[in-house]
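Chemist: Sequence first, then the predicted structure, then my questions.
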Amino acid sequence: MRYFFERYTLDTGLRELLRGTEVLTVAPQVFDLLEYLIRNKDRVVSKDDLIQTIWNGRSVSDAALKTRLNVVRNAIGDSGEEQRLIKTLPRRGFRFVAAVQQDEKSIESAEKGVHPAQPLLSLPDKPSIAVLPFQNLSDDSEQEYFADGMTDDITTLLSQTRDLIVIARGSTLAYKAKTVDIGEVGRELGVRYILEGSVRKAGRKIRVNAQLVEATTAIRVWGDHFDRELTDLFVVQDDITSGIVGALHPQLLSAEAQSYRRRPPNSLDAWGMTARGMMALISLTKENLDIAFDLASRSVAVCPDFALASGLRAFALGYRSYTQWGEDWYADAKGASADIDRTLGLQVDDPTALFFVGAASAFMARHRASVGLLERAIELNPNLAMGHGVLGISYASIDRPSDGLIHIERALRLSPRDPMTYLFFAGQALCKFVAGDFSGAISSAQKGLSMNPSSADNHFYMAAALSELGQVERAKEQVRRALRFVPKMTLRIIGRAVEGRNMGWARYHGALRKAGLPE
């Protein structure tokens, strides 16, 4: 049996632990302990389980067990402080929480010492591609957003092609500013092709280098460089996208080249501020939300007709009204509504702008409006992972949890290493709660919290599910934890969505009342 997680392979037949293709040296007992935790990843393993299985029932001190677990963690790039892969649950035990793929086939070339690369995710039927973060080779580090904007736009343009599976931007950010192994990246993301490149800016000129590589063979499929004046930046992006699509599907080249043309503002400053604002939303903290709001506001001031900037500001204000992080949630909601109207008046065919206003509507409990906006965004860009994720939440909120789960699964497949995956699991937890699967809701919320313990929504959804299962004290503890991050949250805010007579949301509201959320 072989287990695949992150960059590692655990081969129980050969009793080997590999990082990529490198065989790591581990003690037999360490190997056995890791194997046991992975094999029982779907449950919490108690101390007694480990002692009985690994130490054959011999007496083992807590200190010795802790030391051995830390050796296991160190072998797979984890630590007792981080607990990213192996979690310690006080007074309960331990659990392996990383995503695991497994393969029962033996390694035919084991006698030769050959370890063939195995995909961590199965390759989809359609051609699949990941766009790695473009490198900024300019001396001016402040121009980093040009490289980031290039990566975002290429990903978006490629996503317009329905014949391609395009991995979302969030999952490729982990490779930023790193020397990567193309084959390893392909296996981790489950893609056939990798696009990588660089941007060099000098004065008002820019050079973009890009190359397309087949991940499994490391063969360079296509490569080119583009020299342009900065005012032609978006034309460069279209040229690059057309070249990539032409290398993969020549018959689509002509149609794809005309399928999408960005209509950016004349000011590159407005685009730069918006791009940096969008990058700030990688983590939905109060501080990053304030940064996104500030940059979006400055972009709107420079170019009032830039729909993406007003959409970004609507997103920031809508989320701030939900979390109560601002001074006046009503003023934030009012500002978000104005920016939604402004964005839709300027642009109705930009999938990213539609995602921003659709998400803002969801944050303000306007879920039926959110569904329409997000459905349109996904129609324009079927590979918009965050769009699928938020749409799943809105579907659950209007008593369509089955539809919601479909979109959540799509989001998880499109962006398997997204830093926002904890939000996808929050949506999955809500869908399962509305469907009456309370145990499943708890499991999904736990997955989200293992990635981001400060995710208030995952705490709330777990609290509601526990409350419905009669575990009121545990539910109250989850509410207390959630309120550490959103201290102003009340039933009144949660109850805004109940007004639409959504039965699932009403049940959620009632469950949180039992769990002690303040009125």
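Modeler: Now that the structure is in, tell me what you want to look at. Numbers count the residues shown, from 1 in each chain.

Chemist: Tell me if I'm right that Leu384 and Arg376 touch.
Modeler: No. Counting by Cβ atoms under 8 Å, Arg376 is not a contact partner of Leu384; they are 10.8 Å apart. All C-beta spots, glycine's among them, are computed from the backbone N, C-alpha and C.

Chemist: So which of the two has more stuff around it?
Modeler: A count of neighbours by other Cβ atoms under 10 Å puts Leu384 above the other of Leu384 and Arg376, at 28 against 17.

Chemist: for the more buried one, what are its contacts?
Modeler: By Cβ atoms under 8 Å, 6 or more residues apart in numbering, the contact set of Leu384 is Ser159, Ala168, Pro351, Thr352, Phe355, Ala377, Ile378, Leu414.

Chemist: Give me the subset of those residues lying in helices.
Modeler: Counted as lying in helices by DSSP state H, out of those, are Ser159, Pro351, Thr352, Phe355, Ala377, Ile378, Leu414.

Chemist: mind checking how far the third one is from Ala359?
Modeler: It stands for Thr352. Distance, Thr352 to Ala359, by Cβ to Cβ, to the nearest Å: 11 Å.

Chemist: Comparing those two, which residue is more hemmed in?
Modeler: Regarding Thr352 and Ala359, a neighbour count based on other Cβ under 10 Å identifies Ala359 as having more, with 27 against 22.

Chemist: Grab the nearest non-local neighbour of the more buried one.
Modeler: For Ala359, ignoring the flanking residues on the chain, the nearest one in space by Cβ to Cβ, 6 or more residues apart in numbering is Val390 at 4.8 Å.

Chemist: my guess is the one you found meets Ala362, correct?
Modeler: Yes. With contact defined as Cβ under 8 Å, Val390 reaches Ala362; the gap is 5.5 Å.

Chemist: tell me, what's touching these two both at once?
Modeler: Ser370, Leu374.

Chemist: For these two, work out which one has more neighbours and name it.
Modeler: When Val390 and Ala362 are compared on other Cβ under 10 Å, the one with more neighbours turns out to be Val390, at 29 against 25.

Chemist: which residues does that one contact?
Modeler: Going by Cβ under 8 Å, 6+ apart, the list of residues near Val390 reads Phe355, Gly358, Ala359, Ala362, Ser370, Leu374, Leu423, Gly427.

Chemist: Tell me the pLDDT of it.
Modeler: Predicted confidence (pLDDT) for Val390: 93.

Chemist: now the helix or strand hosting it, how far from the centre of its chain.
Modeler: Using DSSP states H and E, Val390 maps to helix 385-397. For helix 385-397, the distance between its averaged C-alpha position and the chain's averaged C-alpha position is 13 Å (Cα atoms, centre = their mean, to the nearest Å).

Chemist: residue ranges of the strands in this structure, please?
Modeler: 2-5, 8-11, 16-19, 22-24, 86-89, 93-96, 101-103, 128-131, 135-136, 165-166, 193-202, 205-214, 219-229 (DSSP state E).

Chemist: now those strands in a markdown table, with mean neighbour count?
Modeler: Formatted as a markdown table, the entries for these read as follows, by neighbours: other Cβ atoms under 10 Å:
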| stretch | mean neighbour count |
| --- | --- |
| strand 2-5 | 20 |
| strand 8-11 | 23 |
| strand 16-19 | 18 |
| strand 22-24 | 13 |
| strand 86-89 | 17 |
| strand 93-96 | 21 |
| strand 101-103 | 15 |
| strand 128-131 | 26 |
| strand 135-136 | 19 |
| strand 165-166 | 26 |
| strand 193-202 | 21 |
| strand 205-214 | 19 |
| strand 219-229 | 14 |
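
Chemist: Generate JSON lines for those, with distance to Ser394 and mean pLDDT as supplementary columns.
Modeler: Compiled in JSON lines, the strands of the chain are given as follows (distance: least, Cβ to Cβ, whole Å; pLDDT from 0 to 100):
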{"stretch": "strand 2-5", "distance to Ser394": "32", "mean pLDDT": "84"}
{"stretch": "strand 8-11", "distance to Ser394": "37", "mean pLDDT": "85"}
{"stretch": "strand 16-19", "distance to Ser394": "40", "mean pLDDT": "83"}
{"stretch": "strand 22-24", "distance to Ser394": "45", "mean pLDDT": "74"}
{"stretch": "strand 86-89", "distance to Ser394": "31", "mean pLDDT": "90"}
{"stretch": "strand 93-96", "distance to Ser394": "31", "mean pLDDT": "91"}
{"stretch": "strand 101-103", "distance to Ser394": "30", "mean pLDDT": "71"}
{"stretch": "strand 128-131", "distance to Ser394": "27", "mean pLDDT": "84"}
{"stretch": "strand 135-136", "distance to Ser394": "36", "mean pLDDT": "86"}
{"stretch": "strand 165-166", "distance to Ser394": "23", "mean pLDDT": "80"}
{"stretch": "strand 193-202", "distance to Ser394": "32", "mean pLDDT": "83"}
{"stretch": "strand 205-214", "distance to Ser394": "36", "mean pLDDT": "80"}
{"stretch": "strand 219-229", "distance to Ser394": "39", "mean pLDDT": "73"}
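
Chemist: Domain-wise, how is this structure divided?
Modeler: If the domains of the chain are taken from automatic domain parsing, they occupy 2-112, 128-259, 416-519, with pieces of a single domain joined by a plus sign.

Chemist: Highest mean neighbour count out of these?
Modeler: Compared across the domains of the chain, domain 416-519 shows the largest average neighbour count, a mean of 21 (mean count of other Cβ atoms under 10 Å).

Chemist: now that one: mean pLDDT?
Modeler: In this model, domain 416-519 carries a mean pLDDT of 88.

Chemist: what's the burial count for the residue nearest to Phe293 when sequence neighbours are not counted?
Modeler: For Phe293, ignoring the flanking residues on the chain, the nearest one in space by Cβ to Cβ, 6+ apart is Ala316 at 3.9 Å. Residue neighbour count, defined by other Cβ under 10 Å, stands at 32 for Ala316.

Chemist: From what I see, Ala316 and Glu287 are in contact.
Modeler: No. Counting by Cβ under 8 Å, Ala316 does not reach Glu287; the two are 11.9 Å apart.

Chemist: related to what we said a few turns ago, in TSV: the ones in helices among the contacts of Leu384, plus distance to Asp78.
Modeler: Conversion of these to TSV gives the following (distance: Cβ to Cβ, whole Å):
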residue	distance to Asp78
Ser159	33
Pro351	37
Thr352	35
Phe355	34
Ala377	37
Ile378	36
Leu414	26
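
Chemist: Out of those residues, the closest to Ala270 would be?
Modeler: Minimum distance to Ala270 across the ones in helices among the contacts of Leu384 is 14.9 Å, recorded for Thr352 (Cβ to Cβ).

Chemist: quick one: that closest one from Pro133, how far?
Modeler: Relative to Pro133, and taking Cβ to Cβ, Thr352 is found at 18 Å.

Chemist: Leu10 now?
Modeler: When distances are taken as Cβ to Cβ, Leu10 and Pro133 turn out to be 29 Å apart.

Chemist: And the pLDDT at Leu121?
Modeler: Reading off the confidence values, Leu121 has pLDDT 60.

Chemist: what sits up against stretch 469-478?
Modeler: When contacts are defined by Cβ under 8 Å, 6+ apart, stretch 469-478 is touched by residues 438-439, 442, 459-460, 462-464, 466-467, 511, 514-516.

Chemist: taking those residues one by one, which sit in helices?
Modeler: Using DSSP H, Phe438, Ser439, Ile442, His459, Phe460, Met462, Ala463, Ala464, Leu466, Ser467, Ala511, Lys514 are the members of the contacts of stretch 469-478 that sit in helices.

Chemist: I figured the fourth one hits Arg481, correct?
Modeler: By that I understand His459. Yes. Using Cβ under 8 Å, His459 makes contact with Arg481 at a distance of 4.9 Å.

Chemist: picking that back up, how about a markdown table for the domains of the chain, with distance to Gln324 added?
Modeler: Converted to a markdown table, those look like this (distance: least, Cβ to Cβ, whole Å):
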| stretch | distance to Gln324 |
| --- | --- |
| domain 2-112 | 30 |
| domain 128-259 | 26 |
| domain 416-519 | 3 |
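
Chemist: mind checking which of the ones you listed is nearest Leu346?
Modeler: Using Cβ to Cβ as the criterion, the shortest distance between Leu346 and the domains of the chain is 17.1 Å, found for domain 128-259.
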